[in-house]
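# Generate coordinates for the sequence data below:
(4 chains, ligands or ions: 6)
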Amino acid sequence: MNGDKLLEKMHGLKSVFDEKESELTGLDREIGDGDHGVNMKRGFSAVHEKVSGGTAPEVLKQTGMTLMSSIGGASGPLYGFSFVKMSDVAKEDIDKENLMEMLDVFADTVASKGKVEGGEKTMYDVISKSAELLKESGALKLDDLQALAQETEDMIATKGRAAYFKEQSKGTIDPGAQSAVYIIHALGEGME
Amino acid sequence: MNGDKLLEKMHGLKSVFDEKESELTGLDREIGDGDHGVNMKRGFSAVHEKVSGGTAPEVLKQTGMTLMSSIGGASGPLYGFSFVKMSDVAKEDIDKENLMEMLDVFADTVASKGKVEGGEKTMYDVISKSAELLKESGALKLDDLQALAQETEDMIATKGRAAYFKEQSKGTIDPGAQSAVYIIHALGEGME
Amino acid sequence: MTEILIISHSKDIAEGTRALISQMAKDTVIQASGGMDGGIGTSVDQINDMLDQVQEDTICFYDIGSSKMNLEMAVEMYDGNHTLHISEAPIVEGSFLAAVENSVGTETTQILEKLQEMKK
Amino acid sequence: MTEILIISHSKDIAEGTRALISQMAKDTVIQASGGMDGGIGTSVDQINDMLDQVQEDTICFYDIGSSKMNLEMAVEMYDGNHTLHISEAPIVEGSFLAAVENSVGTETTQILEKLQEMKK
Ligand SMILES: Nc1ncnc2c1ncn2[C@@H]1O[C@H](COP(=O)(O)OP(=O)(O)O)[C@@H](O)[C@H]1O
Ligand SMILES: Nc1ncnc2c1ncn2[C@@H]1O[C@H](COP(=O)(O)OP(=O)(O)O)[C@@H](O)[C@H]1O
Ligand SMILES: [Mg+2]
Ligand SMILES: [Mg+2]
Ligand SMILES: [Mg+2]
Ligand SMILES: [Mg+2]
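Numbering: from 1, shown residues only, chains lettered A, B, ... in the order given. Ligands and ions are numbered 1, 2, ... in the order given. Okay, the predicted model is just below:
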């Protein structure tokens, strides 16, 4: 996957998040402030508008900077900084192995910035298991990723706004885990 | 002093505070937020506009309610509630002795609402000594009242906004002590 | 369900805090007011007007010094049927916590305990 | 002299706090920003823009969770010459205290100690 292909994927996420806006907002309305759909849509609309090309690392970095500026919620610095960090390890032509490396950096960045670990009902629960998934199944299939997000449903949130809901955060998939499914799916598409 | 006479005095304080606005604001600019002149002017303009007469206790009560609503600073509830409380002890025709009683109530109210005692560099330092002054000198002369306010100059503030200035609050007369001079002087005028 | 009352020296702080909170605690009743004559200040009146609307026990938040005095006075003069708590917790973070806890059903006494751990 | 930086989820809270503070700390430089797209939110950009203007060591205040993350990130990316302190004190009351103490000449280390006694 070179810069052009990656750019296409990043631009493509605009329509994904246009479509998923109400799903994500619905989840965030249950265990947050109800803006995650709007946030992600705004973020990737900005990416579509402002990220115009370059090498794969350049596209990742621009995407990250744009997400940081435009998302507006906790997911902004988390996704944004992660893309910036992934650009440090990405090759000009990203192969499956390099993508695994990138996903590890993605997970490490979220862990350190979010001071989060597994089981806290956040995007980290999807991100941190995706490198492993890619290694074992050889792909990042939507169903498999969705299963990871699904695991957050029964968790009790201990990070971010959802933590205020305590036991009542049970029964809803974490909004950030759900949006992570779409982002990671896009990164992996066509890499099988 | 009946209600009419008292009303005249309360209305008269409008022009006093019009005139003293910049003096009071100047003091409050040194050891506060610089609004005491505006606050007192607004308070007694409202009294002039809204308090229209009645018995002496009624005039006091209306004055208090109006000050509470319109001053807008710490001095609002302190002066306002004090006038309301004074109305409880005021006679229809206030004589010197009754005025002493009123001034004691004035001091007690400020003490309890402001959780303040003497020497903390507030309006209380003037108010609390005025009954005594009236008793001993038989009058509430401007010079004598001003001397009480003057005593606050060397004090270090421990209440209200001026307390933030600590040692640096020394060297400025407390704005509330200064405005108390005008209020008490007005109450005492013509009662010699 | 417990209500929230906010009195600030600034209309903007009052409005902004209300907006921040209500995003996450949609079913909690929040009254917020602040400022004086277009500038910085508070008055007992504003608080009285809010207290007139109170329909349940209420936790009240203020920002700095003189708004506390006004709040205490208004609470003292209040003759309605509900219990009014004055919280010493920070106006933004305290009212946010209280509103969210309230909307997830935490008992008022427990909310007040949590607020007491905050300090401004 | 130490400067104050305020980042809130709400433009109104940011503006109101600035107004409240500057009344009493006229010579303290205060930067305040908040909100996202006309609503509630923060972004690293807003903070970076403020950090670009910083001329002295600065104490930074935030309101709730995600503005802290943005603030930490901006401070980490900052490559200017001044020391940036992130305070955990309440946004309104903490920045008020810091600004007033600062304007009366209190040492920054002492201000930071006082802020540490606050808890949100
Ligand atoms: N400390 C954290 N660590 C990891 N992820 C977090 C953290 N805080 C929040 N998140 C993620 O961010 C998502 C919420 O994002 P969003 O709604 O855009 O931000 P906000 O909560 O500020 O409104 C959550 O669902 C969660 O996955
Ligand atoms: N706790 C208190 N007890 C007694 N007087 C006080 C107290 N706090 C403030 N004051 C008085 O109020 C005056 C300031 O009034 P004003 O400037 O109108 O209010 P603010 O300080 O809210 O701007 C002070 O000069 C002082 O005399
Ligand atoms: Mg959200
Ligand atoms: Mg949000
Ligand atoms: Mg003042
Ligand atoms: Mg004032």
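# Could you confirm whether the lowest-mean-pLDDT helix or strand in chain C reaches chain B?
In chain C, no helix or strand scores lower on mean pLDDT, DSSP states H and E than helix C:65-77, which sits at a mean of 91. Yes. Judged by C-beta under 8 Å from any C-beta of the partner chain, helix C:65-77 comes into contact with chain B through C:65-66, C:69-70, C:72-73. Backbone N, C-alpha and C define where each C-beta goes, glycine included.
# I'd like to know how many residues surround residue A:54.
When neighbours are counted by other C-beta atoms under 10 Å in any protein chain shown, residue A:54 registers 15.
# biggest helix in chain A by residues?
helix A:3-31 (DSSP state H).
# Run the chain-centre distance for that one.
In terms of C-alpha atoms, centre = their mean, to the nearest Å, the centre of helix A:3-31 is found 9 Å from the chain centre.
# same deal with stretch A:35-46?
Put simply, stretch A:35-46 sits 12 Å off its chain's centre (C-alpha atoms, centre = their mean).
# does chain C sit close to that stretch?
Yes. Part of stretch A:35-46 sits near chain C under the criterion C-beta under 8 Å from any C-beta, namely residue A:35.
# Tell me where chain C has helices.
Using DSSP H, the helices found in chain C span residues C:11-22, C:44-53, C:65-77, C:91-103, C:108-116.
# between these, which one is nearest to chain D?
Closest approach to chain D among those is made by helix C:11-22 (3.0 Å; C-beta to the nearest C-beta).
# Tell me how far that closest one lies from the chain's centre.
The chain centroid and the centroid of helix C:11-22 are separated by 11 Å under C-alpha atoms, centre = their mean.
# which bits of chain C sit near ligand 3?
Nowhere does chain C come near ligand 3, counting by C-beta under 5 Å from the ion.
# isn't there a strand covering residue A:53?
No. Counting by DSSP: H, G, I helix; E, B strand; the rest coil, residue A:53 is not part of a strand but coil.
# residues from chain C in reach of chain D?
Proximity of chain C to chain D (C-beta under 8 Å from any C-beta) is limited to residues C:8-17, C:19-20, C:23, C:34, C:40, C:63-64, C:89-94, C:96, C:117-120.
# 10 Å instead?
With C-beta under 10 Å from any C-beta of the partner chain as the criterion, chain C comes near chain D at residues C:8-24, C:34-35, C:39-41, C:63-65, C:89-94, C:96-97, C:100, C:117-120.
# Just the buried ones among these, please.
Listed as buried from those are C:8-24, C:34-35, C:40-41, C:63-65, C:89-94, C:96-97, C:100, C:118, C:120; burial here means 16 or more other C-beta atoms under 10 Å in any protein chain shown.
# Spatially nearest residue to residue A:82 (excluding sequence neighbours)?
Distances taken as C-beta to C-beta, 6 or more residues apart in numbering or on different chains place residue A:109 nearest to residue A:82, at 4.3 Å, with adjacent residues excluded.
# returning to what we had before: any part of the next helix or strand after the longest helix of chain A near ligand 4?
Of the helices and strands lying after helix A:3-31 in sequence (DSSP states H and E), the nearest is helix A:36-50. No. If you take C-beta under 5 Å from the ion as the test, helix A:36-50 misses ligand 4, and the best it gets is 6.6 Å.
# hmm, the longest helix of chain A touching ligand 4?
No. On the criterion C-beta under 5 Å from the ion, helix A:3-31 is out of touch with ligand 4, staying 7.8 Å away.
# So for that helix, mean pLDDT?
Here helix A:3-31 scores 97 as its mean pLDDT.
# Give me the buried stretch members for it, please.
Using 16+ other C-beta under 10 Å as the burial criterion, the residues of helix A:3-31 that qualify are A:3, A:5-7, A:9-11, A:13-14, A:16-17, A:20-21, A:23-31.
# give the contact list for residue A:173.
Contacts for residue A:173 were tallied using C-beta atoms under 10 Å, 6 or more residues apart in numbering or on different chains; they are A:23-24, A:27, A:30-31, A:121, A:126, A:146, A:149-155, A:181.
# mind checking the backbone torsions on it?
Dihedral pair for residue A:173: phi -70, psi 140, per degrees, to the nearest 10.
# Spatially, and excluding backbone neighbours, which residue is closest to it.
Closest residue to residue A:173 apart from its sequence neighbours, by C-beta to C-beta, 6+ apart: residue A:153 at 5.0 Å.
# Equivalent analysis for residue C:118, please.
Closest residue in space to residue C:118, ignoring its immediate chain neighbours: residue C:89 at 4.1 Å, by C-beta to C-beta, 6+ apart.
# Does that neighbour touch residue C:114 like I think?
Yes. Here residue C:89 lies in contact with residue C:114, judged by C-beta atoms under 10 Å, at a distance of 8.5 Å.
# Overlap in contacts, these two.
In terms of C-beta under 10 Å, 6+ apart, residue C:89 and residue C:114 are both contacted by the residues C:97-98.
# Pick out the most distant pair among the residues of helix C:65-77 next to chain B.
C:65 and C:73 (13.2 Å; C-beta to C-beta).
# Show the model's pLDDT score for residue 42.
Since no chain was named, I'll use chain A. Residue A:42 is given a pLDDT of 97.
# Correction: the question concerned chain C.
92.
# re earlier: quick check: of the contacts of residue A:173, which lies closest to residue B:73?
Nearest to residue B:73 among those: residue A:31, at 42.7 Å, using C-beta to C-beta.
# these two touch, right, that closest one and residue A:159?
No. Residue A:31 lies out of contact with residue A:159 (C-beta under 10 Å); the separation is 11.5 Å.
# anything in contact with each of these two?
Joint contacts of residue A:31 and residue A:159 (C-beta under 10 Å, 6+ apart) are A:121, A:174.
# what's the neighbour count on the residue in chain A positioned nearest to ligand 5?
The minimum distance from chain A to ligand 5, using C-beta to the ion, falls at residue A:33 (36.6 Å). Using other C-beta under 10 Å, residue A:33 has 26 other residues around it.
# For residue B:109, see how far away residue C:44 is.
14 Å (C-beta to C-beta, to the nearest Å).
# quick one: stretch C:63-82 to chain centroid distance?
On C-alpha atoms, centre = their mean, the centre of stretch C:63-82 falls 10 Å from the chain's centre.
# err, stretch C:53-61, not the other one
Taking C-alpha atoms, centre = their mean, one finds stretch C:53-61 lying 7 Å from the centre of the chain it belongs to.
# do that stretch and chain A meet?
No. Stretch C:53-61 lies out of reach of chain A by C-beta under 10 Å from any C-beta, never closer than 16.1 Å.
# can you tell if that stretch touches chain B?
No. Stretch C:53-61 stays clear of chain B (C-beta under 10 Å from any C-beta), getting no nearer than 15.0 Å.
# and that stretch, C-alpha only, in CSV?
What follows is stretch C:53-61, C-alpha atoms only, in CSV (Å, rounded to 0.1, in the frame of the first residue of the first chain):
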residue,chain,number,x,y,z
GLN,C,53,-38.4,27.3,40.2
VAL,C,54,-37.0,24.6,42.3
GLN,C,55,-39.1,21.4,42.2
GLU,C,56,-36.9,19.0,44.1
ASP,C,57,-34.1,19.0,46.6
THR,C,58,-31.3,21.0,45.1
ILE,C,59,-27.5,21.2,45.2
CYS,C,60,-26.2,24.7,44.7
PHE,C,61,-22.8,25.7,43.4
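# in that stretch, what counts as buried?
Going by neighbour count (16+ other C-beta under 10 Å), the buried part of stretch C:53-61 is C:54, C:58-61.
# out of those residues, who's nearest ligand 1?
Proximity of the buried residues of stretch C:53-61 to ligand 1 (C-beta to the nearest ligand atom) peaks at residue C:61, which lies at 22.1 Å.
# for residue A:134, what are its contacts?
Per C-beta under 10 Å, 6+ apart, neighbours of residue A:134: A:96-97, A:99-100, A:103, A:140-141, A:144, A:184, A:187-188, A:191-192.
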